[in-house]
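Participant: model this:
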Amino acid sequence: MELLILSKQTLERLFNAEEALNALSLGYEHFEMGLVSNPERSVITKENDWWGVMLAHSYETGVCVKVVSVLPNNAKKGAPVTQALVIYHNALNGEPLALIEGTTFTALRTACVSALALKLLIKPEGVFFVGTGLQARYHAFVLKELFDIKEVNARSKTTQSRESFLSYCANLGLKVNSSLKEEDAQTVIVATTSNVPVIERFGEKNKIIVSIGAPTPSARELSDQVLKKADYIVVDSYEGCLKEAGDIIQPLSAGLLKREKIVSLGELVTSKKSASGKIVCKSVGIAFQDLYIAKYFFDKAQKEGVGQNVSLV
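Facilitator: So this is what the prediction gives:
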C-alpha cells in the first residue's frame with residue numbers, strides 16, 4: 001500500500017484556479033443532488049481555540065477526512081493561526097490514497113469558495129481586504145488568476161502586516177491603490193480572527209462583502225447593521241452557517257435578519273435561486289468542499305507524476 005504525500009510546494013505547483021473551481025462546482029452539484037454524505041463536523045472550542053474534524057463520502061469521488069485547528073494566539077508566536085491535515089481515501093475499497101498538507105489546502109479551498117460565489121454574482125474589480133494574513137494572501141492569489149482586478153487596498157491591525165500584504169499583492173501583479181477607501185470598494189474580503197465585528201456598515205459603493213472568519217456562534221466579523229442592509233446573504237452551506245456562524249445565528253435569533261434573505265451557494269450553482277443587490281457571502285467551510293478539492297489535487301498529481309509516494313507496508 002502506497003500513500004501519496006502532497007506538500008505545500010506541490011499543491012501550489014499543481015493549483016489552477018479555473019480547474020479547482022470546476023471541481024468545486026461539481027461538488028456543489030453532487031451535494032444538491034444528494035450524492036454526497038456530509039455529516040455534521042465534530043467541533044471542540046476551548047476559549048478562543050477551535051478544532052474541527054470534517055468527513056465527507058461519495059462513491060463517485062472518494063472519502064476525505066480533515067483535522068483543522070484555528071488558534072488565534074498563534075499569531076503572537078509567529079505560528080500559523082490555521083493548521084490542518086487531510087487524508088483522501090478510495091471510497092470503494094477504503095484504501096488511503098493521499099496525505100495532504102492541510103493549511104495551504106484549506107486556504108486555497110476557502111479562497112476558491114469565495115471566488116466561486118464572486119464568479120456567479122459579480123466580476124470583482126476594486127477589492128478591499130480587511131485582514132492581511134494567510135487567508136487574505138491566498139484570496140488575492142486566486143482572485144488574480146480568475147478576474148481582471150483593477151485595484152486593491154487593505155487594512156490590518158498593524159502597519160507592518162498591511163505593508164507586507166500589499167507588497168505581496170504588487171508582486172502578484174495586482175495594482176495597489178492606497179487611496180482606495182473601504183466604503184468605495186466594490187468587493188470587500190473580510191478574513192480576520194476577530195471575535196467582534198470589524199465591519200460596522202455596508203458602504204454605499206460596496207456590492208459584496210465576503211466574510212470567512214468568525215466560525216463560532218459567539219464570534220462576529222460583521223455588525224447587525226451590515227446584515228440588515230444586505231439584500232441577500234449567500235452562505236456556503238445552510239448546515240454550517242446556521243449552526244456555527246455567529247454572523248448569521250445572532251441576527252437571526254434577534255429577529256434582525258429574515259430567513260428568506262438567505263440562499264446557499266449550492267442553490268446559485270444549480271440555478272435554483274439567485275441573488276442581487278447588496279450581498280453578504282458567509283463561509284465557514286463544509287467537508288464536501290475538501291473532498292472535491294482533494295480529488296482534484298490527487299488526480300492531477302497522479303497525472304503529472306508529482307508528490308512523494310510512501311510505502312505503508
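Participant: what are the ranges of the strands in this structure?
Facilitator: Shown for the chain, the strands assigned by DSSP state E span residues 2-6, 42-46, 49-58, 62-70, 82-89, 96-101, 126-130, 151-155, 187-190, 208-211, 232-235, 262-264, 279-282, 308-311.
Participant: pull the CA atoms of the first one into CSV?
Facilitator: Read that as strand 2-6. Provided in CSV are the C-alpha atoms of strand 2-6 (Å, rounded to 0.1, in the frame of the first residue of the first chain):
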residue,chain,number,x,y,z
GLU,A,2,1.4,3.4,-1.0
LEU,A,3,0.4,6.8,0.2
LEU,A,4,0.9,9.9,-1.9
ILE,A,5,2.3,12.8,0.1
LEU,A,6,1.3,16.3,-1.2
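Participant: list the buried residues of that strand.
Facilitator: Buried positions in strand 2-6, judged by neighbour count with 16 or more other CB atoms under 10 Å: 3-4, 6. Glycine gets a C-beta too; all of them are placed from N, C-alpha and C.
Participant: return the distance of it from the chain's centre.
Facilitator: 25 Å (CA atoms, centre = their mean, to the nearest Å).
Participant: do the fourth one as well
Facilitator: Computed by CA atoms, centre = their mean, the chain-centroid distance of strand 62-70 equals 14 Å.
Participant: quick check: pLDDT value at residue 71.
Facilitator: Note for residue 71: predicted pLDDT of 89.
Participant: in contact with the closest residue to residue 231 other than its chain neighbours, which residues?
Facilitator: Distances taken as CB to CB, 6 or more residues apart in numbering place residue 277 nearest to residue 231, at 3.2 Å, with adjacent residues excluded. Contacts for residue 277 (CB atoms under 8 Å, 6 or more residues apart in numbering) come out as 230-232.
Participant: let me have the residues you listed in JSON lines, extended by distance to residue 64.
Facilitator: Formatted as JSON lines, these follow (distance: CB to CB, whole Å):
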{"residue": "230", "distance to residue 64": "32"}
{"residue": "231", "distance to residue 64": "34"}
{"residue": "232", "distance to residue 64": "30"}
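Participant: just the buried residues of these.
Facilitator: For these, buried by 16+ other CB under 10 Å: 230, 232.
Participant: how close does the nearest residue to residue 270 once chain neighbours are set aside get to residue 118?
Facilitator: Sequence neighbours aside, residue 32 is the residue nearest to residue 270 in space, at 4.9 Å (criterion: CB to CB, 6+ apart). Using CB to CB, to the nearest Å, residue 32 is found at 20 Å from residue 118.
Participant: between those two, which one's more packed in?
Facilitator: Neighbours per residue, other CB atoms under 10 Å: of residue 32 and residue 118, the larger number sits with residue 118, 24 against 15.
Participant: wait, isn't that one in contact with residue 147?
Facilitator: Yes: contact between residue 118 and residue 147 holds when scored by CB atoms under 8 Å: they sit 7.3 Å apart.
Participant: between the two, what contacts are shared?
Facilitator: By CB under 8 Å, 6+ apart, the residues touching both residue 118 and residue 147 are residue 124.
Participant: list the contacts of the residue nearest to residue 270.
Facilitator: With CB under 8 Å, 6+ apart, residue 32 has these contacts: 266-267, 269-270, 272.
Participant: count the neighbours of residue 256 for me.
Facilitator: Residues contacting residue 256 under the criterion other CB under 10 Å number 12.
Participant: just give the closest residue to it, not the sequence neighbours.
Facilitator: Of all residues not flanking residue 256 in the chain, residue 224 sits nearest, at 5.2 Å (CB to CB, 6+ apart).
Participant: need the contact list for that neighbour.
Facilitator: Residues near residue 224 by CB under 8 Å, 6+ apart: 250-251, 254, 256.
Participant: just the buried members of those residues?
Facilitator: By neighbour count, with 16+ other CB under 10 Å, the contacts of residue 224 hold 250-251 as buried.
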